[in-house]
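Novice: Please work out how this folds:
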Amino acid sequence: MKRKLTLAILLLIMAGLNSSCSDNYEEIVIDDNSGVLGDVIYDGWDNTDIYISNPLKAFFSEELHRPSWDDKGNEHKTFFEQGEYNDEKCLMINSQQEFQDAYMGTKKLPDVDFGKYTLLIGKTWGNDSSYKLDKIVLTDKNGHYHLEAQLLHYVDRTAFFAIQTIYYWYLYPKLKSKGIVTSRTVKDIREY
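Specialist: From the prediction side, this is the model:
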């Protein structure tokens, strides 16, 4: 009886510790309403001309895309290697040197105040062009961040059946440098 009572007390203590630990995670939602500077670029097609007044937006509009090849067969990379279409990736950049190290292109990098900001650059994917990025949820799990790309799938829209790479970048108030674990969720949306 004494042994069962001790085991029951231990289970209660462990359950209490588990629930109190999970409540300590800070969730940061990054979307169009969060007031954070950033953008989403679908397969690297964007209109750079509209961002002339913002050098950072203009830079990412032009440079955040899949690796490409010119007519001489030279590969042009920017932030991501050619990889599997379903690779979820996010870079957390906290210094100008980290920014330079992450960039594989040839253009001059825009200035960022890394004393105040962290730059997140990532990619996710949709099965076709009916997928749109709704928001990014970044959760501080103490030892690392968990980044969830939440996508909307507009099931009633006609779409080409080709994988669509979705790139995003956000300039966020300074975050501690930690590893990032990425995932994606998809919510089906019916419009009709």
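Novice: so how far is Asp188 from the spatially closest residue to Arg157 that is not a sequence neighbour?
Specialist: What sits nearest to Arg157 in space, not counting adjacent residues and going by CB to CB, 6 or more residues apart in numbering, is Ser130, at 4.5 Å. C-beta: built from backbone N, CA, C; applies to glycine. Note on Ser130: its distance to Asp188, by CB to CB, to the nearest Å, is 10 Å.
Novice: anything in contact with each of these two?
Specialist: His153, Val155 (CB atoms under 8 Å, 6 or more residues apart in numbering).
Novice: between these two, which one's more packed in?
Specialist: Ser130 (19 against 10; other CB atoms under 10 Å).
Novice: shouldn't that one be in contact with Val155?
Specialist: Yes. If you go by CB atoms under 8 Å, Ser130 and Val155 touch, sitting 7.0 Å apart.
Novice: List phi and psi for the residue nearest to Arg157.
Specialist: Backbone torsions of Ser130, given as degrees, to the nearest 10, read phi -90, psi 10.
Novice: mind listing what it touches?
Specialist: Applying CB under 8 Å, 6+ apart, we find Ser130 in contact with His153, Tyr154, Val155, Arg157, Thr158, Ala159.
Novice: Let me have the residues you listed in CSV, extended by secondary structure, distance to Pro110 and neighbour count.
Specialist: Below are the contacts of Ser130 laid out as CSV (DSSP: H, G, I helix; E, B strand; the rest coil; distance: CB to CB, whole Å; neighbours: other CB atoms under 10 Å):
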residue, secondary structure, distance to Pro110, neighbour count
His153, strand, 33, 17
Tyr154, strand, 33, 15
Val155, coil, 38, 12
Arg157, coil, 34, 14
Thr158, coil, 37, 8
Ala159, coil, 33, 15
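Novice: could you dump the residues you listed to CSV with distance to Tyr25?
Specialist: Output for the contacts of Ser130, formatted as CSV (distance: CB to CB, whole Å):
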residue, distance to Tyr25
His153, 27
Tyr154, 31
Val155, 32
Arg157, 35
Thr158, 40
Ala159, 35
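Novice: biggest separation within those, which pair?
Specialist: Maximum pairwise distance among the contacts of Ser130 (CB to CB): 13.3 Å, between His153 and Thr158.
Novice: Can you tell me the closest non-neighbouring residue to the residue most central in space within the chain?
Specialist: A centroid search over the chain (CA atoms, centre = their mean) returns Gly122, at 4.2 Å, as the residue closest to the centre. Nearest residue to Gly122, sequence neighbours excluded (CB to CB, 6+ apart): Cys90, at 3.5 Å.
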